[in-house]
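**Student:** Need the 3D shape of this:
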Amino acid sequence: MNSIKKHFMGITFLLLGLTLLVNPQVTNASGLSGAEPEINFTPEVVNTYEDEDGNIVNEYSKLPDKFVTDENGNIIAEGEDADPNNVESNSNNNSGSIGSLSCGYQYYYDVVGRTNMEYHAFIDYHPGFSEARYNIKEYNFTLSSLSYSIGISGYGGSAEVSLNTPGYGYTIDGAELKWTRPAVYGTVVKETVKRTRTGGCSGGEEVTYQTRYVVDDSYIGVREWSYNPN
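**Tutor:** Numbers count the residues shown, from 1 in each chain. The predicted structure follows:
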């Protein structure tokens, strides 16, 4: 594993968020009647540490296991308060409180299964480097704040990547006399989510199960080749 040389000024934060491609699987509903809103949630780095291999690993805030959104994707309840039997539609209530009646929908999400699929997995290439380079001794990460969408290789999903580096930086080893390219690594986690839609003018519930993939404990490493992979 490539070693990381930290500057005394600090470290680069790499953030893989939870804006993921979701594959819905309908169970007890004839079909989805209405588009599901995009969940309004911005992950933040909550912990950064160096692992036993010298990688700077980032842990980030996650969506709660249980939560409710309005029809616009705003989270209005979570945890024990996120019960579809007790939450009525409030999409037309500007106060954001729970309990006002309207024809708007609400969406209850409950993570019912979570499995670690792959550790130290190659997620995708670092978005700041479009191709492999030859005979690079080290890469210096001192970019300004940038945000990208990056794929989860082999799992049909994607995640937001934020590189927040103003005033900070570190270097990561390349490889002399070889081709190298920085890449993002992490733990790929498969989540099974029960989604219950309530509200609407006709009332009732619609239940679906969704499979989504998220990335935990992300870090930057390099891939290397003895030939030109471009």
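**Student:** what stretches of the chain score poorly on pLDDT?
**Tutor:** 1-34, 84-102, 142-148, 159-169 (pLDDT under 70).
**Student:** Can you find which strand in it contains the most residues?
**Tutor:** strand 170-199 (DSSP state E).
**Student:** Give the buried residues for it.
**Tutor:** Residues 170-175, 178-191, 193-199 are the ones in strand 170-199 that count as buried (16 or more other CB atoms under 10 Å). In short, each C-beta sits where N, CA and C put it, glycine included.
**Student:** Run me through the strand neighbours of that strand, direction for each.
**Tutor:** Sheet pairing of strand 170-199 (DSSP bridges) gives strand 4-6 (antiparallel), strand 105-125 (antiparallel), strand 133-141 (antiparallel), strand 205-225 (antiparallel).
**Student:** Point out the most buried one among the ones you listed.
**Tutor:** strand 205-225 (a mean of 19; mean count of other CB atoms under 10 Å).
**Student:** got the CA coordinates for it in PDB?
**Tutor:** Extracted in PDB, the C-alpha atoms of strand 205-225 (Å, rounded to 0.1, in the frame of the first residue of the first chain):
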ATOM      1  CA  GLU A 205     -50.100   3.200   1.600                       C
ATOM      2  CA  GLU A 206     -47.800   2.000  -1.100                       C
ATOM      3  CA  VAL A 207     -44.800  -0.100   0.000                       C
ATOM      4  CA  THR A 208     -41.700  -0.800  -2.100                       C
ATOM      5  CA  TYR A 209     -38.300  -2.300  -1.400                       C
ATOM      6  CA  GLN A 210     -35.200  -0.600  -2.800                       C
ATOM      7  CA  THR A 211     -31.600  -1.800  -3.100                       C
ATOM      8  CA  ARG A 212     -28.900   0.900  -3.000                       C
ATOM      9  CA  TYR A 213     -25.200   1.000  -2.600                       C
ATOM     10  CA  VAL A 214     -23.200   3.400  -0.400                       C
ATOM     11  CA  VAL A 215     -19.500   4.000   0.200                       C
ATOM     12  CA  ASP A 216     -18.000   4.000   3.700                       C
ATOM     13  CA  ASP A 217     -14.400   4.900   4.900                       C
ATOM     14  CA  SER A 218     -13.200   6.400   1.600                       C
ATOM     15  CA  TYR A 219      -9.600   7.300   0.800                       C
ATOM     16  CA  ILE A 220      -7.300   8.100  -2.100                       C
ATOM     17  CA  GLY A 221      -4.800   5.600  -3.500                       C
ATOM     18  CA  VAL A 222      -3.200   5.000  -6.800                       C
ATOM     19  CA  ARG A 223      -3.500   2.300  -9.500                       C
ATOM     20  CA  GLU A 224      -0.300   1.400 -11.400                       C
ATOM     21  CA  TRP A 225       0.600  -0.400 -14.600                       C
END
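**Student:** Between the two ends of stretch 43-57, what distance do you get?
**Tutor:** Stretch 43-57 stretches 15 Å from its first residue to its last (CA to CA, to the nearest Å).
**Student:** If we go by neighbour counts, what in that stretch is buried?
**Tutor:** Buried, per 16+ other CB under 10 Å, within stretch 43-57: P43, V45, T48, G54, N55, I56, V57.
**Student:** If anything else comes up later, I'll come back, but that's it for now.
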